[in-house]
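Student: Return a 3D structure for these sequence lines:
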Amino acid sequence: MIKNLLAAIIFIAVLPLQSEAVINVTDDFELEGFFKIQNMLRTPRFRDTEFIMQRNTAQLEGKYYFLKNGKAFKKFSTGPIEEATFTFIGRAVYDSVYDTRDRFDEPRNPEFTLREAFVDLVLPPFTLRLGRQQVVWGETDNFRALDVINPLDVGWHWARESWEDIRIPLWMARGIYDIGKIGPFEESFLELVWIPADFRRNKTEGDPNRPWGFTGAGLNKVANSVEIDGTLYNLDVNIRDRGPRRKLNHGQGGARFKALWGDLDFSLNYFYGYSGDSGYKTRSFTNDGLNWAYSTVDMVNPRSHVFGLTANYSEEVYTMAVIRLEATLTTGVPVSISAGAPLSVDSNGDGFDTVKRSVVMLGLDRPTWIRSLNSSRTFFISTQLFWRRYINYSSYFQGIPRVYPAIVGGKESSTRFLSTNTDQIDRDEFVFTFSASTSYGAAGLFKPLFVVAYDPISTGGYTQIAFDYLWTDHIVFRVEQHYYWGGSGDDPGPWQLGDIWGSTDQSRHETLLSIIFQF
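Tutor: Predicted coordinates:
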């Protein structure tokens, strides 16, 4: 099946296409998709270059209307079911840099996946979607608050990719009841989501030598040693997976009510599931008194309640802008606790706890004339302020560990590495984002984008400058520059911003060149 899917993608990609965005294969079957070539260079301190990506992605999306106007396959009457469709999204990805670069111990396996496959049933006023899918709640960009139903795969390129591309689809049922007008509310609906047994963690790159390996602020190495009372031991860590298994009693689910109340578009949200972020409980730590120390750690994903509110308000008198609000309260957030914490903080002595955390996002969107830069079109300007707060906070909460070389014989070892965690989580965490985009040319064929994110606590920042040029109806050229700047010391902050990623051997200044063929 995988070979057939890839062959179909390649076949469609070389067809002589019409100018429409969707190919109508028949009256009941539609196809669309893209083929993307991405090449990325990392530029440490802008004094050198490192080839870190040569990713080729082919995606094919299809929709089959097997039931229309109350008839299935144009023959069988289906009573109250007015319409039904089957939708699939297949993706093939191959990054040759993992085969050509000597620094990577093992190649990254190519991806051949049926990312989404679901059936939509329309029974007015009900609609039902069954299958592997994404469900998007919330109003935020670049950083997530309420959009937590699908986990993320940040092993591709951290969180610098489109959410749509790095969300991990899940097998679930999603139903919507169109209420319409009820009391003072208009265009209201109730949405229910049930994930019976498909749990996935947020996926990170586990190899610290890979370009997107999770290394914190230290070396891109694995800690293989530990120092106890001045003696250096080899470290053997046994991590046991204690995450939820695929059982019905481990199901997840939620509900959303969305409506218009005058000029206010709002939603009330609740989701009961598991934390996509894993926590680690230290179950035992021993040493043989000679050369080895042994640690047993349980990897867990606690149950979590997420309560959320979103609101959009179009203010037409003073600001001519759309004001956005998103707020969440989440329980069961895993945190690490530093060694030596009192029992009042680490009651089980396992270096682990769960806490409550709130997130508030306030955003402002506005089309704005800047005639000195573009005399024919407005700029779309969007700003957001995120405030994340740990409610039952302790100064013993730890953030990201770092790896550093052990001292052997008075010198830094090139083979023995230790891990330490001096990154203290702040009670309040902030990040501010700003973006501006516009288009130039007779048909808006040239589209620049500017994005900046700034963490006022770590004083670290990130800037993205991108240009899209629509060469034909189907071919897009894209150039991007990612730039990390500012920052205090070696503190990367919770958002992974700042100069620590731009001016060290782990520099993440990036230049990205892409060619996209879309149909």
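Student: buried residues in stretch 261-271?
Tutor: In terms of neighbour count (16 or more other Cβ atoms under 10 Å), stretch 261-271 has its buried residues at Asp265, Phe266, Ser267, Asn269, Phe271. C-beta here means a position set from N, CA and C on the backbone, and glycine is covered the same way.
Student: Just name the closest of those to Glu161, please.
Tutor: Nearest to Glu161 among those: Phe271, at 23.3 Å, using Cβ to Cβ.
Student: Identify the residues contacting the most centrally placed residue in the chain.
Tutor: With distances taken as Cα atoms, centre = their mean, Leu152 lies nearest the centre of the chain, 4.2 Å away. Applying Cβ atoms under 8 Å, 6 or more residues apart in numbering to Leu152 gives the contacts Arg144, Ala159, Trp163, Ile166, Arg167, Ile168, Asn202, Lys203, Gly276.
Student: surely the first one meets Gly138?
Tutor: Yes: contact between Arg144 and Gly138 holds when scored by Cβ atoms under 8 Å: they sit 7.2 Å apart.
Student: which residues touch Leu67?
Tutor: For Leu67, the contacting residues are Phe73, Thr78, Ile81, Glu82, Glu83, Ala84, Thr85, by Cβ under 8 Å, 6+ apart.
Student: Narrow these to just the buried residues.
Tutor: Buried members of the contacts of Leu67, scored by 16+ other Cβ under 10 Å, are Thr78, Ile81, Glu82, Glu83, Ala84, Thr85.
Student: Which of the contacts of Leu67 fall in helices?
Tutor: Applying DSSP state H to these, no entry is found in helices.
Student: follow-up on the earlier one: closest to Val359 among the contacts of Leu152?
Tutor: Among the contacts of Leu152, and counting by Cβ to Cβ, the member closest to Val359 is Arg144, at 8.8 Å.
Student: Tell me where the stretch 151-300 of the chain is predicted with low confidence.
Tutor: Counting by pLDDT under 70, the stretch 151-300 of the chain has low-confidence residues at 216-217.
Student: ok, 80 please
Tutor: 206-210, 213-220 (pLDDT under 80).
Student: mind listing the strands for it?
Tutor: Secondary structure of the stretch 151-300 of the chain, counting by DSSP state E, counting those that start in this stretch: strands at 170-182, 185-195, 225-228, 231-241, 252-261, 264-274, 279-287, 292-300.
Student: possible to save those as JSON lines with distance to Asp353?
Tutor: Listed next are the strands of the stretch 151-300 of the chain as JSON lines, based on distance: least, Cβ to Cβ, whole Å:
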{"stretch": "strand 170-182", "distance to Asp353": "27"}
{"stretch": "strand 185-195", "distance to Asp353": "26"}
{"stretch": "strand 225-228", "distance to Asp353": "23"}
{"stretch": "strand 231-241", "distance to Asp353": "19"}
{"stretch": "strand 252-261", "distance to Asp353": "22"}
{"stretch": "strand 264-274", "distance to Asp353": "16"}
{"stretch": "strand 279-287", "distance to Asp353": "8"}
{"stretch": "strand 292-300", "distance to Asp353": "11"}
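Student: Which strand residues bridge the residue nearest to the centre of the chain?
Tutor: Going by DSSP bridges, Leu152 is paired in beta bridges with Arg167.
Student: What is the distance between stretch 367-385 and the centre of its chain?
Tutor: The chain centre lies 27 Å from the centre of stretch 367-385; the measure is Cα atoms, centre = their mean, to the nearest Å.
Student: what comes up buried for the lengthiest strand in the chain?
Tutor: The longest strand of the chain (DSSP state E) is strand 50-68. Judged by neighbour count using 16+ other Cβ under 10 Å, the buried positions of strand 50-68 are 52-55, 57-64, 67-68.
Student: just curious, which of those is nearest to Asp99?
Tutor: Of the buried residues of strand 50-68, the one sitting nearest to Asp99 (Cβ to Cβ) turns out to be Gln54, at 9.4 Å.
Student: what sits against the closest one?
Tutor: By Cβ under 8 Å, 6+ apart, Gln54 lies in contact with Gln38, Asn39, Met40, Asp95, Ser96, Val97, Thr100.
Student: Tell me the buried residues within those residues.
Tutor: Among those, those classed as buried by 16+ other Cβ under 10 Å are Gln38, Asn39, Met40, Asp95, Ser96, Val97.
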